[in-house]
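In: Take a look and give me a structure for this.
(one chain, ligands or ions: 2)
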Amino acid sequence: MQVLVIGSGGREHALVWKLAQSPRVKKIWCAPGNGGIARHAELVPIKAEDIEGLLKFSKDNKIDLVVVGPERPLALGIVDRFQAEGIKTFGPTRELARMESSKAFSKELMKKFKVPTAEFKIFKDSQQAKDYIRTKGTPIVIKADGLAFGKGVIVAKEKEEALGAVSNIMDFKLFGNSGDSLIIEECLEGEEASILVVSDGRDYVCLAPSQDHKRIYDDDKGPNTGGMGAYSPAPIVTDELFSRINEEIISPIIKGLADEGQFYRGVLYAGLMLTKEGPKVLEFNVRFGDPEAQAILPRLKTDLVDVIEASIDGNLGSFGALEWRQESCVCVVAASGGYPGDYKKGLEIRGLEEVDALRDVIVFHAGTRLEDGKIVTDGGRVLGITGLGEGIENAINKAYNAVSKVSFEGMYYRKDIGAKALALEHARIKV
Ligand code: AMP
Ligand code: GLY
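Out: Ligands and ions are numbered 1, 2, ... in the order given. This next block holds a predicted model:
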């Protein structure tokens, strides 16, 4: 079959890399793709949000299956539009993509289906929001309702910061219409974990648990980013906790929606805080995580095309559990100096050939492009340097050994990706 993957990040490279291993796939196209994806797929210069352009391309080229990486095309209704034209497209409808594109919608859904989440209140008026902050005190969390390129959440320790966040979102419209309403919620404490499942609307299969590293600096300090690294499996998610997450969070959402005649198809990603009282949802995303996909997909043995097709066709009930490699996988993000603020582009990346020759290492490209036969930087997160190994320690060593061979001017990466998992493994061995 001919497959079109939409997007241009590390997640999309991981998707293309995995799909290319399927014996069922004859050709992969990627729109718009990046410098690394060009090795496995033919790049198409159409933006991920250009739904009509993508549709015309898909029809002209007889695309059999469309896999959507990022949230924006899903929020714009790409699945509804393509399915109406008879093109199989993986992901939720526009209506259900609101679980990510409207935090208010998502919170109301959780309330309705009694899914544990932070206590919250929704505001449409900035003065009322500020008064509420004054009565509640800090720490407190302010969230723009709509999509905000991962920058719409402010975890405020001080009152002034919280009030400033409300002004930025509502009065100064920093995120445009995404700030027409906002959510103020209780600040939760604990460790975060990402639980992703693939659903067909009635049944679902679980992907392996993973953990992201959202903050820019080691020890989870500094501002939030799109994600600076990930690992899978996540030892903090024990089998017992995993069952609890399924019973209290994933199943009530998917079954609750189905009971109302709404069928969630695609990847459902629950971003969780593992609190003392149990797992609570921070947010839902309606797609694979980035960089979680880079740490999960290399471990997946099952053919991804089969899983995706079963999701679209409603056949996951008889699919059985997915199969996984036992090795751990660690993805370290190499970012442009200055990210998540301003950074330079167009800098040559060195050492990629040397890393290519290493075993158990995959370099997923994110912000890169090919220029005069050279790979140069083209975004904030540049590469996802990924190692697979027996146990987390080996995977960490494989990934960082590869990181040490790659360079570009100003390259920045966290030095502690996987450290928490390793500490937990060591503590368990001692017990
Ligand atoms: P979100 O986009 O809603 O996942 O938020 C981005 C990040 O902000 C999360 O990964 C957390 O690190 C943090 N965050 C969001 N909501 C809360 C909360 N209620 N309490 C503490 N931290 C939060
Ligand atoms: N890694 C966080 C996200 O994909 O939203």
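In: Within range of ligand 2, give me the residues from this protein.
Out: 212, 227, 285, 289-290, 292 (CB under 6 Å from any ligand atom). Where C-beta positions appear, they are placed from N, C-alpha and C, glycine not excepted.
In: make it 8 Å
Out: 11, 150, 194, 212, 214, 226-227, 230, 269, 271, 283, 285, 287-292 (CB under 8 Å from any ligand atom).
In: Please list only the buried members of the residues you listed.
Out: 11, 194, 212, 214, 226-227, 230, 269, 271, 283, 285, 287-292 (16 or more other CB atoms under 10 Å).
In: out of those residues, which are inside strands?
Out: Using DSSP state E, the members of those that fall in strands are 194, 212, 230, 269, 271, 283, 285.
In: Which member of these is positioned nearest ligand 1?
Out: Ligand 1 lies nearest to E283 out of these, by CB to the nearest ligand atom, at 3.4 Å.
In: Show me which pair in the ones in strands among the buried ones among the residues of the chain next to ligand 2 is furthest apart.
Out: Spatially, the most separated pair among these is A230 and E283, at 16.1 Å (CB to CB).
In: Run through the buried ones among the residues of the chain next to ligand 2 and flag the ones next to ligand 1.
Out: Among those, ligand 1 is touched by 212, 214, 271, 283, 285 when using CB under 8 Å from any ligand atom.
In: Which of the residues you listed scores worst on pLDDT?
Out: Across these, the member with the lowest pLDDT is K214, scoring 93.
In: which residues sit in contact with that one?
Out: K214 makes contacts with 192, 220, 224-225, 227-228, as judged by CB atoms under 8 Å, 6 or more residues apart in numbering.
In: residue ranges with poor pLDDT in this structure?
Out: For the chain, residues meeting the criterion pLDDT under 70 lie at 430-431.
In: Kindly report the residues of it close to ligand 1.
Out: Counting by CB under 8 Å from any ligand atom, the chain sits next to ligand 1 at 103, 118, 139, 141, 143, 150, 152-153, 155, 185-189, 192, 212, 214-215, 224, 271, 273, 280, 282-283, 285.
In: Okay, the spatially most central residue of the chain and V403: tell me how far apart.
Out: Residue closest to the average C-alpha location in the chain (CA atoms, centre = their mean): G289, at 1.5 Å. In this view, G289 and V403 are 20 Å apart by CB to CB, to the nearest Å.
In: Likewise for E409?
Out: Taken as CB to CB, the span from E409 to V403 is 16 Å.
In: Show me which of the two is the more surrounded one.
Out: The neighbour count for E409 versus V403, taken as other CB atoms under 10 Å, is higher for V403 (23 against 12).
In: so what's that one up against?
Out: 332, 334, 385, 413.
In: What ranges does the stretch 251-400 of the chain have for its helices?
Out: Secondary structure of the stretch 251-400 of the chain by DSSP state H, counting those that start in this stretch: the helices cover 251-259, 292-296, 304-313, 352-356, 391-403.
In: which one of these has the most crowded surroundings?
Out: helix 292-296 (a mean of 32; mean count of other CB atoms under 10 Å).
In: what residues does it touch?
Out: Residues contacting helix 292-296 (CB under 8 Å, 6+ apart): 10-11, 13-15, 194, 196, 207-208, 210, 212, 227, 230-232, 269, 288, 329-331, 364, 384, 386.
In: Identify the residues contacting whatever residue of the stretch 1-150 of the chain ends up closest to ligand 1.
Out: Proximity to ligand 1, evaluated over the stretch 1-150 of the chain using CB to the nearest ligand atom, is greatest for A118 at 3.8 Å. For A118, the contact set (CB under 8 Å, 6+ apart) comprises 141, 185-188, 273, 280, 282.
In: ok, and for the helix or strand where I6 lies, which residues are buried?
Out: If you go by DSSP states H and E, I6 is part of strand 2-7. By neighbour count on 16+ other CB under 10 Å, the buried set for strand 2-7 is 3-7.
In: E283 is in contact with L268, correct?
Out: No: L268 lies out of contact with E283 (CB atoms under 8 Å); the separation is 11.4 Å.
In: returning to that earlier point: for the ones next to ligand 1 among the buried ones among the residues of the chain next to ligand 2, which one is nearest E390?
Out: Of those, the one sitting nearest to E390 (CB to CB) turns out to be D212, at 22.9 Å.
In: got a list of what the residue nearest to the closest one when sequence neighbours are not counted touches?
Out: Using CB to CB, 6 or more residues apart in numbering and skipping the chain neighbours, the partner closest in space to D212 is G227 (4.5 Å). Applying CB under 8 Å, 6+ apart, one finds that G227 lies in contact with 212-214, 289-292, 333, 381.
In: now swap in P209 and tell me
Out: By CB under 8 Å, 6+ apart, the residues touching P209 are 193-195, 232-234, 237, 242.
In: mind redoing it with 6 Å?
Out: 193, 195, 233-234, 237 (CB atoms under 6 Å, 6 or more residues apart in numbering).
In: Kindly report the same for G384.
Out: 10, 291, 294, 331, 333, 364.
In: try 7 Å this time
Out: G384 makes contact with 10, 291, 294, 331, 333, 364, 366 under the criterion CB atoms under 7 Å, 6 or more residues apart in numbering.
In: Please apply the same query to A335.
Out: A335 touches 228, 380-382, 412-413, counting by CB under 7 Å, 6+ apart.
In: swap the cut-off to 6 Å and go again
Out: 380-381, 412.
In: coming back round to it: kindly indicate which of the contacts of K214 lies nearest K130.
Out: Among the contacts of K214, and counting by CB to CB, the member closest to K130 is N224, at 22.4 Å.
In: Nearest spatial neighbour of the closest one, chain-adjacent residues omitted?
Out: Closest to N224 by CB to CB, 6+ apart is K214, at 5.0 Å.
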